[in-house]
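# just a sequence and a predicted model for now, questions to come.
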Amino acid sequence: MNRTENDLQTTTTGSRAGLTIRRHRLVTRLTHWAWAAALFFLLVSGLQIFNAHPALYVGQQSGFAFDNGVFSIQPIRDRNGEVRGLTTVLGRNFDTTGVLGVSGAEEMRTYSAFPAWLTVPSYQDLATGRVVHFFFAWVFATVYAIWFLASLINGHLRRDILPGWSDIRALPHTLIEHLRFHFDHDGRYNSLQKLTYALVLLLLFPLMILTGLTMSPGMDAALPWLLDLFGGRQTARTIHFVVMLLLVGFFVVHLFMVFAAGPINEMRSMITGRYRLDDRPKGGNA
Amino acid sequence: MTQLLVSRRRFLGVAGVAASTVPLAGCDMLDGLLASGDPVRGFLASANSLTYRLQRLLIPADRLAPEFSESEIRQGQRPNGSMDPTDPAYLALKDGDFAAYRLNVAGLVERPMQLTLDELRNMPSRTQITRHDCVEGWSCVAKWTGVPLARVLDEARVKSDARYVVFHCFDSMSPGLAGSAAYYESIDMIDARHPQTILAYGLNGTLLPVANGAPLRVRIERQLGYKMAKYIRGIEVVSDLSNIGGGRGGYWEDLGYDWYAGI
């Protein structure tokens, strides 16, 4: 195998300081940024769609005359006549006034689940939220198909993403080292990175696409097993939302690691593919 | 292997920078590009015709939407949109228990018809327990009884250049201050002839209540709730939608919603 074509290539040179390696392939870089853009618009338009009926349930249907709700955000009027944002998670209530349920400046309050600054468009408009969401859903799924095929063919998937036994064995050690901010740094993905990327790319992304399709009444006719797989359309909608939260959590850690590992080197490697080993400041791989 | 260390101080600094990027999501600068008539919006909306064409390609024309058991009917069918039309013609019909109701069948048909409720009820009927999915995101399971639309179309003998069935309704909607507009909807001939597409007059074993569209509404089980027009005044078979209402095929479509609501 031609090593220079590897996504994550390592060298055996004795002194590595200042050495530049080719880290990410073109297809990896292109799909990465296409996903970044698509996921951003999917998130903000998804929150717009959620605002149309800001409640989640389990099962086939939404309980109006019975209770199968697991999450809701609503504005409620308290005893003093003031409207407050109430977020309910598995039966527990939280006052989220200012962010969820009720938000915006005093003189122009909005009574939407997610605040205007987090949604596209900023005002309440389900139709436009759906237009944006479904366009970027096509982008997201198409990029996923391209990434999956290319990574299968060029070995990226097997070599850098799928964790092997040695990665699983190394996991506790890597985890402890990360918690102590000691990061391995040789241009390859460590076991924690492999596992995280495997979870995101091979579990969360397909889960997002499949739960999205389960909400389509047309696709439910085409693939009724989707409803059995996820336990009903409303459960699929809940899972879709939970996966969104997990992806947002991943994004926050991902961004933190880019900064911790040296944002310029990391950004360069994801834009040009070139990555400097032992470039200061040091840290982990994003 | 090189061991690197990030200090607590550096950690907090980096975390602060990362957190400060979150409010960048202030998205109102995109609002203009997404307004009705903007070419950017038009381009994004073209994804819907892709979905429509792909679903038509993948899903056999007579593939049924999932049906449920009696035990899944755990609540009444949640009504929304208009629930109590105030059109004088409708109120007069309602006062007479819809005895004077006639379903007008017109357009590209060889035999235009005026069907009474009794005539509709005496046609072969279909009962199905299906899930109603509102575009807002909620769902409700209910049992619907009615006459297959295909049967009515066959009696009226649809002409060969027919492409769509339009439902004209008694109810008017008034979003904002722009006055009111009559509800109407349209579907293609594949959905019109689908075995589960029925003109429903029964809900959960009783006559269709006013809130749910009495005396007659349509069920199109492979699409979202807004396609399933209530308070049907008449059906019209056409070859082109551009001359009806706002020209986009339905009341909600004229306000920016997708014409194909299979997703």
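Structure received.
# so for A:Phe183, what's the pLDDT?
With respect to pLDDT, A:Phe183 scores 69.
# my error: substitute B:Val22 in the last question.
Per-residue pLDDT puts B:Val22 at 44.
# and residue 114, what does it touch?
Reading this off chain A. A:Leu47, A:Gln48, A:Phe50, A:Asn51, A:Pro54, A:Ile73, A:Leu100 (CB atoms under 8 Å, 6 or more residues apart in numbering or on different chains). Where you see a C-beta, it was placed from the backbone N, CA and C, and this is true even at glycine.
# to clarify, I was referring to chain B.
B:Arg102, B:Leu103, B:Asn104, B:Val105.
# which SS class is the second one?
Classification of B:Leu103 into helix, strand or coil gives strand, according to DSSP: H, G, I helix; E, B strand; the rest coil.
# that one reaches B:Leu115, doesn't it?
Yes. Shown here, B:Leu103 and B:Leu115 form a contact pair, counting by CB atoms under 8 Å, at 4.4 Å.
# so A:Asn51 is in which element?
Per DSSP states H and E, A:Asn51 falls inside helix A:26-52.
# what helices or strands is that helix leaning on?
Packing partners of helix A:26-52 (3 or more CB pairs under 8 Å, 6 or more residues apart in numbering or on different chains; DSSP states H and E): helix A:126-154, helix A:233-260, helix A:263-271.
# again, 6 Å this time
Contact analysis of helix A:26-52 by 3 or more CB pairs under 6 Å, 6 or more residues apart in numbering or on different chains; DSSP states H and E lists helix A:126-154 as its packing neighbours.
# can you tell me the centre-most residue of chain A?
For chain A, the residue nearest the mean C-alpha position is A:Leu247 (2.2 Å; CA atoms, centre = their mean).
# please list all residues in contact with that one.
By CB atoms under 6 Å, 6 or more residues apart in numbering or on different chains, the contact set of A:Leu247 is empty.
# looking at the chain, which helix or strand is least sure?
No chain in the question, so chain A it is. Lowest on mean pLDDT, DSSP states H and E among the helices and strands of chain A sits strand A:182-183, with a mean of 72.
# out of the contacts of A:Phe114, grab the one that's most surrounded.
Using other CB atoms under 10 Å in any protein chain shown as the neighbour test, those are led by A:Gln48, with 29 neighbours.
# for that one, give me the pLDDT.
You'll see A:Gln48 listed with a pLDDT of 97.
# wait, it sits on A:Arg130?
No. A:Gln48 lies out of contact with A:Arg130 (CB atoms under 6 Å); the separation is 8.4 Å.
# contacts only, for B:Lys143.
By CB under 6 Å, 6+ apart, B:Lys143 lies in contact with B:Ile129, B:Asn204.
# measure how whichever strand or helix holds it sits relative to helix A:233-260, angle-wise.
Here B:Lys143, judged by DSSP H and E, is contained in strand B:139-148. Inter-element angle recorded for strand B:139-148 and helix A:233-260: 140 degrees (by axes from the mean of the first three to the mean of the last three CA atoms, to 10 degrees).
# sheet partners, orientation included, of strand B:139-148?
Strand B:139-148 sits in its sheet next to strand B:126-133 (antiparallel), strand B:198-203 (antiparallel), going by DSSP bridges.
# what separates the shortest one from the chain centre, distance-wise?
A distance of 15 Å separates the centroid of the chain from that of strand B:198-203, by CA atoms, centre = their mean, to the nearest Å.
# so the helix holding A:Asn51 versus helix A:263-271, what angle?
Using the same axes, to 10 degrees, helix A:26-52 lies at 100 degrees relative to helix A:263-271.
# hmm, back to that, make a markdown table out of the contacts of A:Phe114 and add distance to A:His178.
Converted to a markdown table, the contacts of A:Phe114 look like this (distance: CB to CB, whole Å):
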| residue | distance to A:His178 |
| --- | --- |
| A:Leu47 | 30 |
| A:Gln48 | 35 |
| A:Phe50 | 33 |
| A:Asn51 | 36 |
| A:Pro54 | 36 |
| A:Ile73 | 34 |
| A:Leu100 | 31 |
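# any stretches of chain A with poor pLDDT?
A:1-18, A:183-187, A:278-286 (pLDDT under 70).
# which residue packs closest to A:Phe24, ignoring adjacent ones?
No Phe there; residue A:24 is His. The shortest distance from A:His24 to any non-neighbouring residue, by CB to CB, 6 or more residues apart in numbering or on different chains, is to A:Gly273 (5.0 Å).
# for the host helix or strand of A:Thr211, which outside residues touch it?
According to DSSP H and E, A:Thr211 maps onto helix A:205-214. Helix A:205-214 is contacted from outside by A:Ala141, A:Tyr144, A:Met219, A:Leu226, A:Phe230, A:Ala236, A:Ile239, A:His240, A:Val243, using CB under 6 Å, 6+ apart.
# from chain B, how far out is the residue nearest to the second one when sequence neighbours are not counted?
When you say that, I think you mean A:Tyr144. Sequence neighbours aside, A:Phe205 is the residue nearest to A:Tyr144 in space, at 5.7 Å (criterion: CB to CB, 6+ apart). A:Phe205 is 19 Å from chain B, where distance means CB to the nearest CB, to the nearest Å.
# among the strands paired with strand B:139-148, which is the most enclosed?
Comparing the strands paired with strand B:139-148 by mean neighbour count (mean count of other CB atoms under 10 Å in any protein chain shown), strand B:198-203 ranks first with a mean of 23.
# mind listing what residue 54 touches?
Because you didn't say which chain, this covers chain A. With CB under 6 Å, 6+ apart, A:Pro54 has these contacts: A:Ile73, A:Ala113.
# actually it's chain B I care about, not the one you picked
Residues in contact with B:Leu54 (CB under 6 Å, 6+ apart): none are found.
# what helix or strand is it on?
Assigned by DSSP H and E, B:Leu54 belongs to helix B:39-58.
# for that helix, which positions count as buried?
For helix B:39-58, the neighbour count (16 or more other CB atoms under 10 Å in any protein chain shown) marks B:Arg41, B:Leu44, B:Ala45, B:Ala47, B:Asn48, B:Thr51, B:Tyr52, B:Gln55, B:Arg56 as buried.
# please name the nearest non-neighbouring residue to A:His178.
Closest residue to A:His178 apart from its sequence neighbours, by CB to CB, 6+ apart: A:Leu192 at 6.0 Å.
# quick check, that neighbour in contact with A:Thr174.
Yes. Judged on CB under 6 Å, A:Leu192 makes contact with A:Thr174 at a distance of 4.6 Å.
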